[in-house]
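[1] This is a predicted model, with the sequence first.
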Amino acid sequence: MRTDMHDEPPDEFDPALETLLRRVDRGAPPAAFGDLEARILAHAAFPLAARRRAARTSMADTLAAWMRIAVPLAAAAAIVAVLGLTRIDRTTVADADLRDSDPGALLSALESNGSSGLAHHVIAGDAATSAPAELEAP
Amino acid sequence: MTSAEYSTGPPVENHHDEPALVVRVQQGDSDAYAVLVRRHLPRAYRLAWRMLRHREDAEDAVQDAFLRALERIDQCDPERPFGPWFFRVVATTAINKQRSSKRRETDELTDREVSDVVGPADAATLSVLRGEVDAALATLPPMQRQLIEMVTYEEFTPTEAAQMLEIPAGTARWHLHEARKALRTQLRSWLGDGGEDA
């Protein structure tokens, strides 16, 4: 019998039986749906309000969490950007000053100017290559 | 609102606005909740009554079911129909109520009330037929009787009824098959040629 339960029988819908069963069906007695609805809605008012509060709180929390992450990140990004621009600016100025100048003197000037390592490297390279040429010059 | 504004006809399915309504209820929108209550209240009441056979118990069960559904609305997937999910809540609530409450007198219509509706001659026939149908239904195991009532009277599909009773669909179909077979045997005198006019 247990095995039969899992053998799906064909749907033996029997119109005559269905008609007979429905014919004697009394159905549910009438209910005061208006009163019942009012009762349900009255009882649901508090849980619904709690849901609204939770939804608002959740949105505010999400916003606050984003702000907690986004504001410091934005500040840090701004600081890095300002520092970077300052450095680039200084290097550019220093590199511009170095052009057609005595590399040795400019190197010592850069030491005090705080220019970029790249500028140091380039000037030091220039100094190394230009020194023998100067010696050969009449 | 009067009871005349509530649907008493066959179930209306495929409400295309229900996914949005469920999402709104999840956020606490009372208007959306009221729409769902108004829409599903009559059928929920009929289902609860089928299971409890008592008007006040059925009303209480429906009220509890709507509140339980609200508590668990986050578990309702808005992409799936609200009705089947909600009627499972109604059925579970009614089953729990059935287990916890003492047996009470049911709200069946009396034969006198029936004769007021259909006339004395038909009422007499109906009374005999009803007695036999009630006796036949009473011999069915509770699961089979509930399935017959859900599928035959409330027009749920066997699969929907199976979900509400938390049994596999194949098992529900097997129970329905057995129940119909038993009813046909017991009511054969009414089902033969001209039997229905007896």
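    Ah, there it is.
[2] buried sites along stretch A:27-41?
    For stretch A:27-41, the neighbour count (16 or more other C-beta atoms under 10 Å in any protein chain shown) marks A:28, A:31, A:33, A:34, A:36, A:37, A:39, A:40, A:41 as buried. In short, each C-beta sits where N, CA and C put it, glycine included.
[3] Could you do stretch B:47-64 as well?
    Within stretch B:47-64, the residues that count as buried by 16+ other C-beta under 10 Å are B:47-55, B:57-64.
[4] Mind naming the longest helix for the chain?
    All of this is about chain A. With secondary structure taken from DSSP state H, chain A has its longest helix at helix A:33-98.
[5] could you do chain B instead?
    Ranked by number of residues, the top helix in chain B under DSSP H is helix B:30-52.
[6] what about it and chain A, touching?
    Yes - part of helix B:30-52 sits near chain A under the criterion C-beta under 8 Å from any C-beta of the partner chain, namely B:30, B:33, B:34, B:37, B:38, B:41, B:42, B:45, B:46, B:49, B:50.
[7] Who are the contact partners of the nearest residue in space to the fifth one that is not next to it in sequence?
    The spatial neighbour of residue B:38 that comes closest, neighbours along the chain excluded (C-beta to C-beta, 6 or more residues apart in numbering or on different chains), is residue A:37 at 6.3 Å. For residue A:37, the contacting residues are B:1, B:34, B:37, B:38, B:41, by C-beta atoms under 8 Å, 6 or more residues apart in numbering or on different chains.
[8] Also residue B:154?
    Counting by C-beta under 8 Å, 6+ apart, residue B:154 makes contact with B:11, B:43, B:46, B:47, B:50.
[9] how does it look with 6 Å?
    Taking C-beta atoms under 6 Å, 6 or more residues apart in numbering or on different chains as the criterion, residue B:154 is in contact with B:46, B:47.
[10] Backbone dihedrals for it, please?
    Dihedral pair for residue B:154: phi -100, psi 0, per degrees, to the nearest 10.
[11] related to what we said a few turns ago, what comes up buried for the longest helix of chain B?
    For helix B:30-52, the neighbour count (16+ other C-beta under 10 Å) marks B:30, B:32-52 as buried.
[12] Against residue B:181, how distant is residue B:188?
    From residue B:188 over to residue B:181 the distance is 11 Å, taken as C-beta to C-beta, to the nearest Å.
[13] Chain A contacts on chain B?
    B:1-3, B:6, B:27-28, B:30, B:33-34, B:37, B:41, B:45-46, B:49, B:55, B:59, B:63, B:66-67, B:70, B:107, B:109, B:129-130, B:133, B:152-153, B:170-171, B:173-174, B:177, B:180, B:184, B:190-191 (C-beta under 6 Å from any C-beta of the partner chain).
[14] Keep only those of those that are in strands.
    Using DSSP state E, no member of those falls within strands.
[15] wouldn't residue B:46 be in contact with residue A:30 here?
    No - using C-beta atoms under 6 Å, residue B:46 makes no contact with residue A:30, being 10.8 Å away.
[16] For my notes, please list the buried residues of stretch A:27-41 in TSV and give pLDDT for each entry.
    Below are the buried residues of stretch A:27-41 laid out as TSV (pLDDT from 0 to 100):
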residue	pLDDT
A:28	88
A:31	90
A:33	94
A:34	94
A:36	95
A:37	96
A:39	96
A:40	96
A:41	96
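[17] hmm, back to that, now find how far off-centre the longest helix of chain B is within its chain.
    Here helix B:30-52 shows a centroid-to-chain-centroid distance of 11 Å under the convention C-alpha atoms, centre = their mean, to the nearest Å.
[18] Residue ranges in chain B under the pLDDT threshold?
    Within chain B, the stretches with pLDDT under 70 are B:1-14, B:102-121, B:193-198.
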